[in-house]
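> turn this into a structure:
(2 chains)
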Amino acid sequence: MIRRIARALGMFALALTLALLSVWLMIFHAPRSLAIANGPWRMSTVAGSMDADLYTRAVVAVTGLFALNPTETIYFSAEESDTHQRLRARCSYAVEGRPLDARWWSVTAYADDNFLIPNPARRFSYNMGNLKSEPDGSFRILASPTEQQGHWLPTGAGGGGFSLLLRLYNPSPDLLAHLATVKLPSITQIGNCS
Amino acid sequence: MRAARWIKNGCIVLVLAAALHVLVVWLIPRVITGAFLRRAAAQDGYNQVVLPPLPTDTSRAVVKPSPDLLYALCIYDIRTGPVRISAKPSEGYWSIALYGSNSDNFFKLNDRELHGDHVELILSDAGDSSDFKARHPDAIQVHPTSTVGLMLTRSLVLDPDNIKAVIDARSSTRCEPLKD
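Residues are numbered from 1 along each chain as shown, chains lettered A, B, ... in the order given. The predicted model follows:
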C-alpha cells in the first residue's frame, strides 16, 4: 500500500515537474516564435484582447500586465539587436529609424525585471514629441550605460540584459495591415562589447 | 509485463503533465491579476480612484509602466451593485480601459472616440436589467467580464509644461457605487 502511494506521489511529482518546465519554456522562450517578427521586434496581434489565447494571456500577465487592446495600441518589444544578439546593459546601441505612422509613439528601455531602469538623468524613454530629427528626417537614440551626446537612453550599470518597448498609440490602418513589414527602428551595436 | 507497466505509467505521467501544463497556463494571468487587484484594493479600497505620480524606476505596481503617461486607476467591484465611473480627457492622447480578472481588456475608449467633454460609464452585472438610460442618458452601460476588475485611464504628458493641465483633468475622475 505504502509503495503504491509512494509510486503515485512520484508520478505526480514527475508530471508536475514536466508541466512547470514546459510552461516556463512556453512563457519565456516560445513567445519569440509565436509572435509576429519584424527585424529584432516582436509583437502579438491579440495581446490584451478578448481573443487572446491561453499562452498570450500568460505572457502578457508576466511581461506586460494590463496591455491595451491591439486596436488601440501596438506594442513591439525587442530583446535582441539586428544581428539577434541579446541586448546587454553594458553595451551601447544605436536605435535609428524614421517617424512611425501612429498618432503617438515612444521607445522605452526596461531592465530584466521589466521595470524602468534607474539612472542619474531620470531618462526612461523618448517619444515623437521630444526626439529631435536628423536633417534627413530620421531619429537616432543611443541606448548605452554611459552618457552620450544627443538622445541618450540609459541602459543601467548592471551586468544583465535589457529590452526596448516601442508603443504605437492609434496606429494607422496601413501600419496595422503591414505589421511584419513596416519599417521599424534598427538596433545596432556600437563598438566592441566584451 | 514489467515493460508494459512502465509504458502505462509513462503514459499516465504524460497525460497528467499535459493537464497540469494547461491548468498552470490558465492560472497564471488569473493569479497575477488577482494578486494585483487584491493588493490594490487592500491599500486603497474598492471603487476608489487612485492617482499615482508619473512612473519612475521606483514604480513597482505593474510591470512595464509607461513613463510618458499619467495613470488613474480604480478597482471596481460590482458585487454589491452597479458602479459609476466618470472621467475627463486631457489634451493629447487619453484613453479609458476596463480589464477583467483574467487581464483581458474588454472595453476601451479614447479621446477621439468620445462624444462630449467627458465620459460616464455604468458598470453592472449582465443579469442586471435596470434601465439606467432614463437617469443617466449620456452614460455608456458596460457589463464587465468579471465582478471585480480594473479601470485604468492613460493621459499623455506631452512635456513638463502640460503636466499641471493633465493632473487637473485627471483629478475629475470618479469611481463610486451608483447611488440613484
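> now the terminal residues of stretch A:86-105, how far apart.
End-to-end span of stretch A:86-105 (C-alpha to C-alpha, to the nearest Å): 24 Å.
> what is the rounded mean pLDDT of that stretch?
Stretch A:86-105 shows a mean pLDDT of 96.
> pLDDT weak spots in chain A?
Filtered on pLDDT under 70, chain A yields the residue ranges A:30-34, A:48, A:194.
> same check, this time on chain B
Regions of chain B meeting the criterion pLDDT under 70 cover residues B:180.
> what about B:Asp161, which SS state?
Using DSSP: H, G, I helix; E, B strand; the rest coil as the criterion, the local structure at B:Asp161 reads helix.
> doesn't A:Tyr55 lie inside a strand?
No: secondary structure assignment places A:Tyr55 outside any strand; it is helix (three-state DSSP).
> now it. Nearest residue, chain neighbours left out?
Taking C-beta to C-beta, 6 or more residues apart in numbering or on different chains, and ignoring the residues beside it in sequence, A:Tyr55 has A:Met26 as its nearest neighbour in space, at 5.7 Å. For the C-beta atoms, the positions are set from N, CA and C on the backbone; glycine is no exception.
> what is the helix or strand where the one you found lies packed up against?
Counting by DSSP states H and E, the secondary-structure element that holds A:Met26 is helix A:2-28. Counting contacts by 3 or more C-beta pairs under 8 Å, 6 or more residues apart in numbering or on different chains; DSSP states H and E, the secondary-structure elements packed against helix A:2-28 are helix A:54-63, helix B:2-44.
> now do that helix and helix B:2-44, the angle between them.
60 degrees (axes from the mean of the first three to the mean of the last three C-alpha atoms, to 10 degrees).
> mind listing what's buried in helix A:2-28?
Going by neighbour count (16 or more other C-beta atoms under 10 Å in any protein chain shown), the buried part of helix A:2-28 is A:Met11, A:Leu14, A:Ala15, A:Leu16, A:Leu18, A:Ala19, A:Ser22, A:Val23, A:Met26, A:Ile27.
> do you have the strands of chain A handy? List them.
A:36-38, A:41-43, A:73-78, A:92-97, A:102-111, A:125-127, A:139-144, A:151-154, A:162-171, A:186-190 (DSSP state E).
> for stretch B:77-97, measure first residue to last.
15 Å.
> how about stretch A:153-165?
The first and last residues of stretch A:153-165 sit 12 Å apart, counting by C-alpha to C-alpha.
> cool, stretch A:99-117 as well?
Stretch A:99-117 has an end-to-end distance of 25 Å (C-alpha to C-alpha).
> ok, it near chain B or not?
Yes: with C-beta under 8 Å from any C-beta of the partner chain as the threshold, stretch A:99-117 lies in contact with chain B, specifically through A:Arg103, A:Trp104, A:Ser106, A:Thr108, A:Tyr110, A:Asp113, A:Asn114, A:Phe115, A:Leu116, A:Ile117.
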